[in-house]
Structures are given as C-alpha cells and as structure tokens.
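Novice: Sequence first, then the predicted structure, then my questions.
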Amino acid sequence: MNYFIILAFVLFCYMSFWFVLSLVKKRNDVADVAWGLGFVLMTWISFYLSDDSGVRGLLVGILVSVWGLRLAWHIHARNKGKAEDYRYLAWRKEWGKWFYVRSYFQVYLLQGTLLFLIVTPVLLINRSAGANLGILDVLGVCLWVLGFLFESIGDAQLARFLKDPANKGKLMKRGLWAYSRHPNYFGEVTQWWGIGLMALAVPFGWFGLIGPITITFLILKVSGIPMLEKKLAEHPDFAEYKRTVRVLIPLPKKIL
C-alpha cells in the first residue's frame, strides 16, 4: 500500500481515538494534548515504514519527539484540574445538539488534516534520506534549537507568572514577553521552518515547505494569535501592550 495512504489511515484512526476519549472525559481540550503526540506518532511510523531514512531521519525524529512530548506534557499540566478550555466551552454552547458531530469533523478530523500537512517535511525526509548531512541540516538544527528555546522558555515564564497569586488580574509582560506578545508561538513556527530547511536536502523536499507555511498561517491568521488576542483584548492593559510590543518576532519595543 502507498506510504502516504498508510500514514493518512493511521492518523485517521489516531484522531478518532482521541474523539472517543473526549466523549469519555467530557472535555474536548484533550485534542490539544493529542496535537503534539500526533507528530511524534507520524514521525516514527513514517521512519519505520521507510528503509531509507538514514541519519537525517533519525535526527529529525529526535527533534520532533522532543518538541511534541514537551508540548503535550505542558498542555496536560496546564489543563489538569481545571475546567475545559474556554474555546471548547464556547463551542459547546454555540453548536448545541450538533456539538459532537461538529467536534469530530471540525476539531479532530480537521486537526488531523492540518497535522498531516505540517508534518509533510518529516514524511519526505523519512521517505528518502537524500544526500549526507550538510549545511542545510546544520542551519536547520540551529534554527530548531532557537525556536525550541523560545517556545519552552516562553511557556515556562508564563506558567510561573500565572501560578503567582500576586499576578492575579495582571498581564504577562516580562521576560521574553517584553519583546514579543507570543514568544512561544514564534518558537513553534521557527522550529518547523528549521525542519523545513532540512527537508530541502531530500528529493522533492521543497514540497515539504508546505509544513512551515501551514503552521505559520494558522498561528498568525487562524487559531493561534487571533483567537488568543481576542480574549486578551478584554484586559485593560492590553491596548498599550499591543501598541508597544510586536506580535510575533522578538524585537525591542516599538519606537513611539
């Protein structure tokens, strides 16, 4: 059977499993934990299915695993003991009797489709190792490390800020958050551009750029920054924060 068809079927089963789990748990935000773990699953199954992954495939597998497992654990720890995420709670009310049907298609299967697009550079790398490791791989790993530091440090700083009772009602504007309104999103995007760069070393690797392009578009225009900033706009300090701090790329404050 075709390599990509097998992977698509595995992903379909994986997302369907998480939908069933959401029914048992009675909370749809398990989909957020499934996100990072899904990349790890697809990476290693594609590695197993291919006989030509080589050192590049192994290296990318480690990078994706570190990213995906950290992200899944971070989201699990953030959600543990709390009510369902506000986005899903709003959809429960909005979708009414169609909530479960729309959840399956608009949350789980749609997320699986997007996951498949984003992980494309990894699938291409595992399908054909291409040339030996070279400058593109070095640059890609360096870019990935930069992104991982921004995402993990940004998440840790925000989690520490929110845990402190003294910060209740305050807006996070410290650390990396003083230079970017979303340093963790910057890190996530940067990591996938690093992997996309590595994919350019294999046949048809240019097609793998659909991965970083997709995640960048989603975060900038769809489900990442727009949804979060809509909620943050309710905070009285957000207008000034938005005026002086750039949305994604970390840079000194805007000159007034």
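Specialist: Structure received.

Novice: Buried residues in the worst-scoring helix or strand of the chain on mean pLDDT, which are they?
Specialist: Here the helix or strand of the chain ranked lowest by mean pLDDT, DSSP states H and E is helix 86-95, holding a mean of 84. Residues of helix 86-95 classed as buried by neighbour count (16 or more other CB atoms under 10 Å): 88, 91. For every residue, glycine as well, the C-beta is placed using N, CA and C.

Novice: Return it as CSV; C-alpha atoms alone will do.
Specialist: Extracted C-alpha coordinates of helix 86-95, given in CSV (Å, rounded to 0.1, in the frame of the first residue of the first chain):
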residue,chain,number,x,y,z
TYR,A,86,-12.8,28.4,27.1
ARG,A,87,-12.7,27.8,23.3
TYR,A,88,-14.3,24.4,23.6
LEU,A,89,-16.8,25.6,26.2
ALA,A,90,-17.9,28.3,23.9
TRP,A,91,-18.4,25.8,21.0
ARG,A,92,-20.5,23.6,23.3
LYS,A,93,-23.0,26.4,23.7
GLU,A,94,-22.7,27.6,20.1
TRP,A,95,-23.0,24.2,18.4
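
Novice: For stretch 82-89, which outside residues touch it?
Specialist: Residues outside stretch 82-89 that contact it (CB atoms under 8 Å, 6 or more residues apart in numbering) are 27-29, 32, 79, 92, 107, 227, 231.

Novice: Try it again at 7 Å.
Specialist: 27-29, 79, 227 (CB atoms under 7 Å, 6 or more residues apart in numbering).

Novice: which among those end up buried?
Specialist: Of the contacts of stretch 82-89, these count as buried by 16+ other CB under 10 Å: 27-29, 79.

Novice: Adding secondary structure, write the residues you listed out as CSV.
Specialist: Formatted as CSV, those follow (DSSP: H, G, I helix; E, B strand; the rest coil):
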residue, secondary structure
R27, coil
N28, coil
D29, coil
N79, helix
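
Novice: what's the most distant pair in those residues?
Specialist: N28 and N79 (11.1 Å; CB to CB).

Novice: which regions of the stretch 51-200 of the chain lie under the pLDDT threshold?
Specialist: For the stretch 51-200 of the chain, the stretches with pLDDT under 70 are 129-130.

Novice: which residue ranges form the helices in the stretch 101-250 of the chain?
Specialist: Per DSSP state H, counting those that start in this stretch, the stretch 101-250 of the chain carries helices over the ranges 110-118, 120-127, 135-163, 183-199, 210-217, 225-232, 238-244.
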